[in-house]
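Asker: Here's my sequence, what's the structure:
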Amino acid sequence: MVLKKSTGRSSGHASTSYDASAGGGAVAVSAYEQRIRRNAAVLEKVAVSVHDSRASTREAALAELIAALEGFLSADDAEGGHTDEILRGCYVSIKKRAAREACLALRAVALLAVTLGPGATSKKIAAVETAANPLGSGANKIMKATYPLASRILEAPQADASLVVAALECLAVVAFVDVAAENMDDTEACMNALWAVICPSAGPKLASAAKGTASPRVLAAAVSAWTLVLTTTGGWNKKKKLH
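Answerer: All right, here's what the predicted structure looks like:
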């Protein structure tokens, strides 16, 4: 706490006054903590709503989650069962739902990856069904769940441009955040998928969405995404020498 000493000439006594900024700081901290609590409470609500049978409810929940994550939510608040349920719902939305909902889910996954940090895992995600479980047996990293779903969107011949952009951005962000992972194969596969959109001849299967008439918007997103992931490869040679 900041104190200021001032002398009152009329009385001859020293008086002590508090800096107004100190009180303002306490108010700011209180507001900050309240915002964190509000955002943390969103997780509990969204964990249920993303599994609702109504698309409008799921979309509203994802939009609310995105707003909370774009505000501030600590990794400690984001970890746990609620996040597991949210991720599971997001993966279903990406795989089976309409483009608008899938776009929201992709953005939510990317923001969750940023919030949870490098090497983030989802410990208790249960498979909806064996064939639809994006994680597979024992694979918990968000990257491992996201890559097959996002790359499938890039394979779709008539994929919506907004959905393709969302998939590109999600892949790039998750790969960028998860760069601390010891396994570089995930990052390399991600870069190949992104490059295939930029240069279809490099990967004809993954470039279906970009064949022939890729929009400038999609190409710009692909170049930006690939460039972002490229910045994580500086330590590859060093890591390879250590193995």
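Asker: show me where this structure has strands.
Answerer: 3-7, 14-18 (DSSP state E).
Asker: Kindly provide the whole-number mean pLDDT of stretch 164-171.
Answerer: Mean pLDDT, stretch 164-171: 96.
Asker: Show residues contacting that stretch.
Answerer: Outside stretch 164-171, the residues within contact range by Cβ atoms under 8 Å, 6 or more residues apart in numbering are 102-103, 106-107, 109-110, 146-147, 150-151, 153-154, 190, 193-194, 197, 209-210, 217-218, 221-222, 225, 229. C-beta: built from backbone N, CA, C; applies to glycine.
Asker: quick revisit: looking at the strands of the chain, which one has the lowest mean pLDDT?
Answerer: Looking at the strands of the chain, the weakest mean confidence is strand 3-7, a mean of 38.
Asker: Kindly state the domain boundaries assigned to this structure.
Answerer: 33-117, 139-236 (automatic domain parsing).
Asker: End to end on the shortest one, go ahead and measure it.
Answerer: Same thing as domain 33-117. 21 Å (Cα to Cα, to the nearest Å).
Asker: Now render the domains of the chain as CSV, adding mean neighbour count.
Answerer: Shown next, in CSV, are the domains of the chain (neighbours: other Cβ atoms under 10 Å):
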stretch, mean neighbour count
domain 33-117, 19
domain 139-236, 18
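Asker: any idea which of the ones you listed scores lowest on pLDDT?
Answerer: Averaging pLDDT over each of the domains of the chain puts domain 139-236 lowest, since it has a mean of 81.
Asker: So which of the contacts of stretch 164-171 are in helices?
Answerer: 102-103, 106-107, 109-110, 146-147, 150-151, 153-154, 190, 193-194, 197, 217-218, 221-222, 225, 229 (DSSP state H).
Asker: residue ranges for the helices of this protein, please.
Answerer: 20-49, 55-71, 75-78, 81-96, 99-116, 142-155, 161-177, 185-198, 216-230, 236-242.
Asker: how about the nearest residue to residue 57, chain neighbours excluded?
Answerer: residue 49 (5.6 Å; Cβ to Cβ, 6 or more residues apart in numbering).
Asker: Just list the residues touching the one you found, thanks.
Answerer: So residue 49 contacts 57, 58, 60, 61 (Cβ under 8 Å, 6+ apart).
Asker: Most widely separated two among those residues?
Answerer: 58 and 60 (7.4 Å; Cβ to Cβ).
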